[in-house]
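Student: would you be able to build a 3D model of this:
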Amino acid sequence: MIADRVEECSKNNLPWLVAENEGRLIGYCYASKWKGRCAYQYSVEATVYLDTNYSSKGWGSKLYNELFKQLSELNVHAVICGIALPNAGSVALHEKFGMEKVAHFKEVGRKFSQWIDVGYWQCLLPLRKEKA
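Tutor: Here you go, the predicted structure:
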C-alpha cells in the first residue's frame, strides 16, 4: 500500500514528494533504501509515478529535480531506478537526469497479466562529506 511506502520513507528520513495541479494529485516520487545493510547507506532506489494525463508535460522533471536536490543534501551517492520495459517516456526522463542503463532483467515483473522485463538505470551524486 502507498501508506506503507510513505511511512517507510519517513522512518528512514527519505523524501516523498507530491505533485498537484489545481488541487488534484497528479503524481509523486520518493526514495527508498536500496538495501538494509549499512554498506549501502549511501544508495537509494528512486521512483516516480505520474497520472498518464500529465506525462510528457514536465511534471516528472519537476519531481525529480527536487528529489535529487534533497538526496544530495542527505549525502546520497547512488540513485538507482527500475523501469518496466518497454517505456520510452520513462527511459527518456531518467536519461535526462544523467542516468545510465546498468541492468536488464527478463520477465521479472508482472503487469496486466503479462510478464515484463525491468531495466535499471543509475546515476552517481557527489558526496558532500564522508560519514565515519
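Student: max-length helix in the chain?
Tutor: Under DSSP state H, the helix in the chain containing the largest number of residues is helix 59-73.
Student: just for the protein, where's the confidence low?
Tutor: Across the chain, residues meeting the criterion (pLDDT under 70) sit at 129-132.
Student: the residue most central in space within the chain: helix or strand, and which one exactly?
Tutor: Among the residues of the chain, residue 46 comes closest to the average C-alpha position under CA atoms, centre = their mean, at 2.0 Å. Secondary structure assignment for residue 46, by DSSP states H and E: strand 43-50.
Student: ok so, going back, who does the residue nearest to the centre of the chain bridge with?
Tutor: For residue 46, the beta-bridge partners are residue 31 (DSSP bridges).
Student: pretty sure it is touching residue 29, no?
Tutor: Yes - the pair residue 46 and residue 29 passes the contact test of CB atoms under 8 Å, sitting 6.7 Å apart. From N, CA and C alone the C-beta is placed, and that goes for glycine too.
Student: quick check: neighbours shared by these two?
Tutor: The contact sets of residue 46 and residue 29 overlap at 64, 67 (CB atoms under 8 Å, 6 or more residues apart in numbering).
Student: re the thing from before, elements contacting the longest helix of the chain?
Tutor: Counting contacts by 3 or more CB pairs under 8 Å, 6 or more residues apart in numbering; DSSP states H and E, helix 59-73 is packed against strand 16-21, strand 24-33, strand 43-50, helix 88-96.
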